[in-house]
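Student: Model the structure of this input:
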Amino acid sequence: KDLYTTESHPGLFVNVFSLALGWTHRLTDISLHVLYQLARSVLVLGFVLVAYNFGALFFPGPRTRRLFVLLLCFSSGFGWLSMIQQWLGNNMQTFMYDVSPTLMMPEAFTFPSLCVAPLSIAGVTLAMITIGSILQYDRVAQCRWLLIGGVSSALLVNVHTYVILPLAIACALWLAMRRLRSDLRGNLLHSFSGMFFMSLIAAPALAYQLWTFSHDPVFAAKGTTLTHLPSLLTLSLSYGLVGLLALFGIGSMVNTAARHPHAESRLWLLPFAWLIAILIALHLPISFQRKMGEGLHVPLSLFAALALDRGLTAWTNTERTRSYITTLVIMLTTLSNFAFILLNVHWLTYNNAQGTYFIKPQRLMMPPYRLPRTTLGLLRNLRDDGDDTSGVLCSPQVGNYVPVLTGHPVFLGHWAESLYLARGEMQQLPELLPLLAFFYNGQMSVEDQRSFLKDYRIRYVLLSAYERAIGGSEEGLSQIGVTMTRSGDDVLYEVGP
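Tutor: Numbers count the residues shown, from 1 in each chain. Predicted coordinates:
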């Protein structure tokens, strides 16, 4: 179930990554936060290994493979320039997507995903395994690659469903490009049959996802959540030097393919088709547009490594010179990552709670990095109450932690996960924040408060420093519930039936 809403729903959605974390927590009693970081560490290692082997499909030498992995893991764009401008006191209205105090796209950039988004890393890793399996089967026709590609695409459908759409477009473009280049019909049929068999393995997972989103109203509404189309210019600047190098790499690939028509058509055309497919998917009139950028860093880094390798080979034969230039290029592409680390240190220092140049109003809805011990004590008591079905009312900042720490659904928490269906229209955090404030600051009558709690299936009301900041008080809340437990100045109320 989606525990970031108290909306009644059957809870049909299953995510194998989250399920594995939950089962491991149940068996070992290790903190979910610790398990999350352990899983992230394992996925980071797996990502690097898969990326290195993915690069081996295109680069025979280990040096170029390592270059590809380094560019993929550490390259970024020109976002650091905007951050410097903001730090100097200029009120920037537009930031890059590789590092920003407002909107970022961690799914489209590897380094932020490695740091904070293991689910995105899992998605990109599975995408590389799927594409690598297609290429391997196309080359050696071994059935094991059909099985590996089918299982990885099935897992990808479950973990990050929307990544499948660009991959499907990429496969279609790949076959179309090869047909235009007069590839042999038998070769095309062989490639198509391999991808078709992989799709059959993934089909049950896709069918279940479609069934879930058509039968669970909350997840159906979540599927329509808008993540707006990024500016193509801003997106290009967000990749900076690696994007520029990728253009030279594409040019080099096209030039080689023109001189040797069949040497690279099956190999380099697929990552090129993947790159084009992602750009197409980003502009489709669908929800989650921004999420379609997941994996874009992979083909860009691949072509950037190609350009750098061929350029240095043509320019110098000195190994030391090659190493110096390669190191310089990699360092120049990492500047936004240093800015990202400093930005997170800043957020940690201020706990997302004070307005500075780098804590924008949007950021104030993000969870604090740390909660007071008194608030944590109340949430632990709630976890041990034996009832994990009743809703909790609190500020969104604390609400981000409630499902994980207590197992209870919360009225408002994560900005995209907290949604409600009122008269057939979806309501999310921006529409519901005023309602939350009215409840706490006394603009609702006691009767209206009770009606509100009943309508949204809320049994527990929290009063901490975050709720006091929007007008909450013991005097106001004592009229609608009894004190269940107290920890310092924080109070948890239980509302009677």
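
Student: phi, psi of residue 136?
Tutor: Torsion angles at residue 136 (phi, psi; degrees, to the nearest 10) stand at phi -70, psi -40.

Student: Could you count how many residues lie near it?
Tutor: By other C-beta atoms under 10 Å, 18 other residues sit near residue 136. Heads up, the C-betas are built off the backbone N, CA and C, glycines and all.

Student: While we're on the closest residue to it other than its chain neighbours, how confident is the model there?
Tutor: Closest residue to residue 136 apart from its sequence neighbours, by C-beta to C-beta, 6 or more residues apart in numbering: residue 145 at 4.4 Å. pLDDT, residue 145: 96.

Student: Does anything pack onto the helix or strand where residue 145 lies? Which helices or strands?
Tutor: Assigned by DSSP states H and E, residue 145 belongs to helix 143-159. Counting contacts by 3 or more C-beta pairs under 8 Å, 6 or more residues apart in numbering; DSSP states H and E, helix 143-159 packs against helix 16-28, helix 118-140, helix 164-180, helix 185-215.

Student: roughly how far apart are the nearest residue to residue 463 once chain neighbours are set aside and residue 410?
Tutor: In this structure, residue 463 finds its nearest non-sequential neighbour in residue 491, 4.6 Å apart by C-beta to C-beta, 6+ apart. Look at residue 491 and residue 410: by C-beta to C-beta, to the nearest Å, they are 17 Å apart.

Student: More neighbours: those two, which one.
Tutor: Counted by other C-beta under 10 Å, residue 491 and residue 410 do not tie: residue 410 has more neighbours, with 27 against 22.

Student: how much space between that one and residue 399?
Tutor: 4 Å.

Student: rewinding a little: the residue nearest to residue 463 reaches residue 481, doesn't it?
Tutor: No - using C-beta atoms under 8 Å, residue 491 is not in contact with residue 481; the gap is 9.6 Å.

Student: From the contact counts, what lies against the helix or strand of the chain with the lowest mean pLDDT?
Tutor: Within the chain, judged by mean pLDDT, DSSP states H and E, the helix or strand with the poorest mean is strand 425-428; its value is a mean of 71. Of the remaining helices and strands, those touching strand 425-428 by 3+ C-beta pairs under 8 Å, 6+ apart are strand 419-422.

Student: in the stretch 151-300 of the chain, what spans have low per-residue confidence?
Tutor: Residues of the stretch 151-300 of the chain meeting the criterion pLDDT under 70: 182-185, 258, 260-266.

Student: returning to that earlier point: can you check which residues contact both of residue 410 and residue 399?
Tutor: 4, 392, 418 (C-beta atoms under 8 Å, 6 or more residues apart in numbering).

Student: Dump those into TSV; add distance to residue 225, neighbour count and pLDDT as well.
Tutor: Shown next, in TSV, are the shared contacts of residue 410 and residue 399 (distance: C-beta to C-beta, whole Å; neighbours: other C-beta atoms under 10 Å; pLDDT from 0 to 100):
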residue	distance to residue 225	neighbour count	pLDDT
4	12	25	89
392	22	25	94
418	11	24	81
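
Student: so which of those comes closest to residue 37?
Tutor: residue 4 (21.0 Å; C-beta to C-beta).

Student: So the closest one sits against residue 411, correct?
Tutor: No - look at residue 4 against residue 411 with C-beta under 8 Å: they stay out of range, at 9.0 Å.

Student: shared neighbours of these two, anything?
Tutor: 399, 418.

Student: what's around residue 312, how many residues?
Tutor: 19.

Student: should've said residue 243
Tutor: 22.

Student: quick one, what contacts the residue nearest to residue 136?
Tutor: Residue 145 touches 133-134, 136-137, 194, counting by C-beta under 8 Å, 6+ apart.

Student: What subset of those is buried?
Tutor: With neighbours counted by 16 or more other C-beta atoms under 10 Å, the contacts of residue 145 contain buried members at 133-134, 136-137, 194.

Student: which regions of the stretch 1-150 of the chain lie under the pLDDT threshold?
Tutor: Looking along the stretch 1-150 of the chain with the criterion set at pLDDT under 70, you get 92-93.

Student: got the contact list for residue 149?
Tutor: Contacts of residue 149 (C-beta under 8 Å, 6+ apart): 129-130, 133-134, 137, 194, 198, 201.

Student: TSV for these, including distance to residue 288?
Tutor: Shown next, in TSV, are the contacts of residue 149 (distance: C-beta to C-beta, whole Å):
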residue	distance to residue 288
129	22
130	19
133	25
134	24
137	30
194	28
198	23
201	24
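
Student: wait, which of the residues you listed is closest to residue 178?
Tutor: Among the contacts of residue 149, and counting by C-beta to C-beta, the member closest to residue 178 is residue 134, at 12.5 Å.

Student: isn't the closest one right up against residue 194?
Tutor: Yes - counting by C-beta under 8 Å, residue 194 is a contact partner of residue 134 at 6.5 Å.

Student: Find me the pLDDT at the residue nearest to residue 348 when sequence neighbours are not counted, would you?
Tutor: Of all residues not flanking residue 348 in the chain, residue 369 sits nearest, at 4.9 Å (C-beta to C-beta, 6+ apart). On the pLDDT scale, residue 369 is placed at 88.
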